[in-house]
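A.B. asks: 3D, please:
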Amino acid sequence: MTTLALDPPRRVSPVKGTQHALSLAWRGILKIRKNPEQLADVTLMPIIFLLMFTYLFGNALGGSISNYLQSLVPGLVVMNILQASLTVGVQLNTDVTKGVFDRFRSMPIARSAPLVGAVLADLVRYVVCLAVLMVVAMVMGYRIETGPMQFLAAILLVLAFGLCFCWGSVFVGMLMKSPGAAQGLMFVFIMPLTFGSNVFVSTATMPGWLRSRADISPVSLMANALRGLMNGGAVAGPLGGALAWMVGAVVVFFPLATWAYRRRV
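C.D. replies: Predicted structure coming up:
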């Protein structure tokens with residue numbers, strides 16, 4: 001008499017695990033295509049921040065709108081990518097609460113495939129965010145002062161930045177009991193991190209205790225690296241610090257996210 005296996009195999013080869021993750025990433029992309037309103041935050045928020053800070057504070061903070069725009073745009077690129085990475089945790093939490101992950105658990109796929117697939121699908125949101133922000137910035141007068149290769153390097157770098165730090169969002173999403181709680185907690189950490197940086201103002205204008213932290217913030221370091229790649233200037237120093245933060249984010253949050261996922265499902 002043949003016995004059916006009730007549980008999927010626990011060990012999956014790296015090649016198979018990658019295939020599973022890519023398949024689930026494609027599922028996430030199809031969800032975005034069928035529900036394009038999911039892109040509302042990455043299309044509207046970059047425009048709102050760009051218009052608001054440029055025209056309200058440009059003359060006061062940068063001496064002129066054109067000068068401030070050149071400094072602001074690379075920083076906003078980092079800020080908006082980091083904020084866009086919050087959504088993956090909320091979406092994963094929603095899937096868990098709706099029972100979608102119960103179905104994944106019954107399938108013979110790698111344990112980490114649903115998490116990795118969701119993170120890879122989030123790349124679409126990052127690309128849309130960057131495209132909208134750069135097009136509007138160009139219309140407003142921003143100009144890339146380096147070459148196309150430097151600009152391409154900046155784009156790839158900030159995409160990698162988003163992928164690394166989104167694991168913190170995944171961890172929180174797996175930890176919280178509801179999507180609203182996950183989103184609220186993530187904003188508590190993200191808002192001080194982005195506004196307590198050099199995205200909008202130079203850290204030289206900050207009190208000493210705040211400046212010492214803002215100078216080594218991952219947001220400040222990545223913003224300076226992008227300014228060097230897009231506007232010209234030093235790149236190696238801030239890039240090294242940003243890469244260290246990116247590696248640290250993956251080393252810390254990927255295992256925590258996987259642990260929280262296994263505990264939750």
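
A.B. asks: just for this protein, where's the confidence low?
C.D. replies: In the prediction, the chain carries residues with pLDDT under 70 at positions 1-14, 17, 101-102, 104-106, 108, 110-111, 265.

A.B. asks: try it again at 90.
C.D. replies: For the chain, applying pLDDT under 90 flags the ranges 1-43, 45, 56-66, 83-125, 173-196, 201-206, 208-210, 232-234, 257-265.

A.B. asks: what's near enough to touch residue 169?
C.D. replies: 85-90, 186 (Cβ atoms under 8 Å, 6 or more residues apart in numbering). No exception for glycine: its C-beta is placed from N, CA and C like everyone else's.

A.B. asks: and which of those residues is nearest residue 160?
C.D. replies: residue 85 (11.7 Å; Cβ to Cβ).

A.B. asks: now do that closest one: how many residues are near it, please.
C.D. replies: Other residues within reach of residue 85, judged by other Cβ atoms under 10 Å, total 26.

A.B. asks: quick one: contacts for it?
C.D. replies: Taking Cβ under 8 Å, 6+ apart as the definition of contact, the neighbours of residue 85 are 122, 126, 162-163, 165-166, 168-169.

A.B. asks: just the strands in the stretch 51-200 of the chain please.
C.D. replies: Secondary structure of the stretch 51-200 of the chain, counting by DSSP state E, counting those that start in this stretch: no strands present.

A.B. asks: could you pull out the helices in it for me?
C.D. replies: Secondary structure of the stretch 51-200 of the chain (DSSP state H, counting those that start in this stretch): helices located at 65-84, 86-97, 100-105, 113-121, 123-140, 148-175, 179-195.

A.B. asks: how about these in a markdown table, adding distance to residue 210?
C.D. replies: Converted to a markdown table, the helices of the stretch 51-200 of the chain look like this (distance: least, Cβ to Cβ, whole Å):
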| stretch | distance to residue 210 |
| --- | --- |
| helix 65-84 | 17 |
| helix 86-97 | 23 |
| helix 100-105 | 41 |
| helix 113-121 | 32 |
| helix 123-140 | 26 |
| helix 148-175 | 21 |
| helix 179-195 | 10 |
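
A.B. asks: out of the ones you listed, flag the one nearest residue 237.
C.D. replies: That would be, of these and by Cβ to Cβ, helix 148-175, which comes in at 14.4 Å.
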